[in-house]
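Q: predicted coordinates and the sequence they were generated for:
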Amino acid sequence: MPEKYVKVGQKNRLKVVDIAGFGVFLDGKQFDEILLPKRHVPQECTIGDELDVFVYLDSDDNLIATTETPFACVGEFAFLKVKEVNPVGAFLDWNLGKDLLAPFKEQKVRMREDGSYVVYLYQDEQSRRIVASSRFNRFIDETPGKYRQGESVSLLVHDRTDLGYMAIINGKHQGLLFDGELGQSVKIGDKLDGFIKRIRPDGKIDLSLKKPGFDRQAVGDLGQKILDQLQAAGGYLPLNDRTDPDVIKKSFGVSKRAFKMALGSLYKQRLIQIEPTGIRINH
């Protein structure tokens, strides 16, 4: 079903309503007719044809169409390179004839020529211009995502923290890839396939590049035995690294040192939580 409105900063399918020597005019629906310059007009184009075009604003802030495909549309995150910096801001390459402006006030860190940055594209309400922002926390969806543990998701890495890397999930939400979950070299701007490892009670999301699950080889026989007992006990055992060695020996038949090493391995893989009175499995 045809769209009732033209969406600025998006792909639109528009009908040719007039032809001129410098291009063709498209049905702008709620706007005036929109020009598609001659260099973008397909051969043998006639009135009544419907064309897939991207609509944005030219240097004079007039709506214009192109058959070129930008690296990102309004409402999307992208990793873009700076072509030029001037007193207005940084101009990013988004694969169109007119570069994309990231005003200084929208820059989390001062952008430099030839540098690449993760940005969010939006249409400024006052100027109507399409602009980029690396201060995009206000654009991240804070509502709880309807994700399942182990669900496959697409990730865009955007920041480094002490714990790992922050990533945009499916172009909407945000999560953390812990250093211990990487298993490969990762850098800002990488697009990766990942998995939902855990959704915390506060709504924050832990991510993994490996499908979550118990890796018997990684946790070892004792670690797996601890996990099995945790599962059988409903997820909690009143044992931890402070428990009396005799109690550990009676429960698992191993020394306290071996038990503590197994707990450490499980904790580093974020399979358990170590609490003051015991250990709890992470679901």
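A: Perfect, I can see it now.

Q: distance check, the residue nearest the centre of the chain against residue 7.
A: When the chain is reduced to its mean C-alpha position, the nearest residue by Cα atoms, centre = their mean turns out to be residue 168, at 1.8 Å. Using Cβ to Cβ, to the nearest Å, one obtains 21 Å as the distance from residue 168 to residue 7. To be clear about C-beta, it is placed using only N, CA and C from the backbone, and glycine gets the same treatment.

Q: same deal with residue 71?
A: Looking at residue 71 against residue 7, where the rule is Cβ to Cβ, the gap reads 17 Å.

Q: residue 210 now?
A: For residue 210, the distance to residue 7 equals 38 Å [Cβ to Cβ].

Q: repeat that for residue 82.
A: With distances taken as Cβ to Cβ, residue 82 is found 27 Å from residue 7.

Q: so the two - more neighbours on which side?
A: A direct count of neighbours by other Cβ atoms under 10 Å for residue 82 and residue 7 places residue 82 higher, at 20 against 15.

Q: which residues sit in contact with that one?
A: For residue 82, the contacting residues are 90-93, 102, 111-117, taking Cβ atoms under 8 Å, 6 or more residues apart in numbering as the criterion.

Q: show me these that map onto helices.
A: With helices identified by DSSP state H, none of the entries of the contacts of residue 82 belong to them.

Q: most neighbours among these, which one?
A: The most crowded member of the contacts of residue 82 is residue 90, carrying 28 neighbours; neighbours defined as other Cβ under 10 Å.

Q: grab the nearest non-local neighbour of that residue.
A: Leaving out its chain neighbours, the residue that sits closest to residue 90 by Cβ to Cβ, 6 or more residues apart in numbering is residue 111, at 3.9 Å.

Q: swap in residue 145?
A: Going by Cβ to Cβ, 6+ apart, residue 145 has residue 173 as its nearest residue, at 4.6 Å.

Q: helix or strand: which one has residue 220?
A: Secondary-structure element containing residue 220, defined by DSSP states H and E: helix 216-232.

Q: and for residue 263?
A: Using DSSP H and E, residue 263 falls within helix 256-268.

Q: count the neighbours of residue 205 for me.
A: 19.

Q: how much space separates it from residue 233?
A: Going from residue 205 to residue 233 by Cβ to Cβ gives 27 Å.

Q: cool, residue 103 as well?
A: Taken as Cβ to Cβ, the spacing of residue 103 relative to residue 233 amounts to 57 Å.
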